[in-house]
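when you get a sec, could you give me coordinates for this:
(3 chains)
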Amino acid sequence: MAPSSEASHLPPLERDVLRGRAEVVAPALLGTLLVRIESDGSRSVARIVETEAYRQDDPASHSHAGRTPRTEPMFAAPGTAYVYRSYGVHWCCNVTVEEEGVGAAVLLRAARLLRGHELVRPRRVAAKQDRDLLRGPGRLTQALGIDGPRHDRTDLLDPRNTVLLADDGWRPPQTAVRAGGRVGVRLAAGVPWRFWIAGQPEVSPYRPHPRAERPT
DNA sequence: CGCCGGATGTCCT
DNA sequence: GGACATCCGGCGC
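Residues are numbered from 1 along each chain as shown, chains lettered A, B, ... in the order given. Below is the predicted model:
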């Protein structure tokens, strides 16, 4: 029998979940799964514990200035990956949300690794503890081998692809979902569109932008 | 734990 | 040229 059959039975995330406004979808994705399928069929599975919402009318969003070659995927159909380079060195992975033509996305900031430790460890040699493996958006992509050339513009709900959003039905208790300012953004720093599961050690440490402008 | 500098692709609303 | 949705290692407390 095929060794991958068990993992392949993880149900995909429902696309309709992604059609709502970014700041509604972002907390709704807490507890869902990110799956990385290697070329040999082996899989890593991680539980999403921290997200951030970005949308077109939001000064902190890449889509705020309109379409560019880089931000084009933000305007694609819901479920599309928007993978961009951060500070020239790291990759960050977003899921496009809202309707096609609207520049909105949810940044996947942190996750807890459930399976695939042996696949992730060699890509995250700098991680001193397991909780640091996918703690932060740059670390998350490095851990799962997500990058622009391979994954930008791919459909995260198409089971033929190598990075997928899945759903095993688990969700955090409502009382454990927290909201606050987004990490490292200068504009609209007070908008509480970062969401995380309280008590999860994989949630990335909050760090304000050095010149954050907060609304009065 | 906190602060600092270095790495550097893509954009200038 | 400067800013940026980041991370890491080195240093000091």
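
next secondary structure element downstream of the least confident helix or strand in chain A by mean pLDDT?
Of the helices and strands making up chain A, the lowest-confidence element is helix A:5-8, at a mean of 50, by mean pLDDT, DSSP states H and E. Next along the chain after helix A:5-8, taking DSSP states H and E as the criterion, comes helix A:22-28.

which elements pack onto that following helix?
strand A:43-54, strand A:105-115 (3 or more CB pairs under 8 Å, 6 or more residues apart in numbering; DSSP states H and E). (Glycine included, C-beta is placed from N, CA and C.)

what's the closest of those to A:Phe75?
Nearest of the helices and strands packed on helix A:22-28 to A:Phe75, taken as CB to CB: strand A:105-115 at 9.5 Å.

can you confirm whether the closest one lies near DNA strand C?
Yes. For strand A:105-115 and DNA strand C, the contact criterion (CB under 7 Å from any atom of the strand) is met by A:105, A:107.

which parts of that strand are buried?
A:105-113 (16 or more other CB atoms under 10 Å).

can you tell me which of the residues you listed is closest to A:Gly88?
Of these, the one sitting nearest to A:Gly88 (CB to CB) turns out to be A:Leu107, at 17.6 Å.

so where do the strands sit in chain A?
A:33-37, A:43-54, A:81-86, A:90-96, A:105-115, A:163-166, A:177-180, A:194-197 (DSSP state E).

ok, A:Pro78 to DNA strand B distance?
21 Å (CB to the nearest atom of the strand, to the nearest Å).

swap that for A:Pro11, please
Using CB to the nearest atom of the strand, we find A:Pro11 at a distance of 34 Å from DNA strand B.

and for the most centrally placed residue in chain A, nearest residue in space, chain neighbours not counted?
Central residue of chain A (CA atoms, centre = their mean): A:Leu108, 1.7 Å from the mean position. Of all residues not flanking A:Leu108 in the chain, A:Cys93 sits nearest, at 5.1 Å (CB to CB, 6 or more residues apart in numbering).

residue contacts, that neighbour?
By CB atoms under 8 Å, 6 or more residues apart in numbering, the contact set of A:Cys93 is A:81-83, A:107-108, A:137, A:140-141, A:146, A:151, A:163.

give me that answer again for 10 Å
By CB atoms under 10 Å, 6 or more residues apart in numbering, A:Cys93 lies in contact with A:34, A:81-84, A:105-109, A:137-138, A:140-141, A:144, A:146-148, A:151-152, A:156, A:163.

right, and A:Leu113 touches A:Ile48 too?
No. A:Leu113 is beyond contact range of A:Ile48, at 11.3 Å (criterion: CB atoms under 10 Å).

now for the two: what residues contact both?
A:34, A:134, A:140, A:202.

excluding chain neighbours, what is closest to the first one?
I take that to be A:Leu34. Counting by CB to CB, 6+ apart, A:Ala46 is the residue found nearest to A:Leu34 once chain neighbours are left out, at 4.9 Å.

pLDDT score assigned to the one you found?
Looking at A:Ala46, its pLDDT reads 98.
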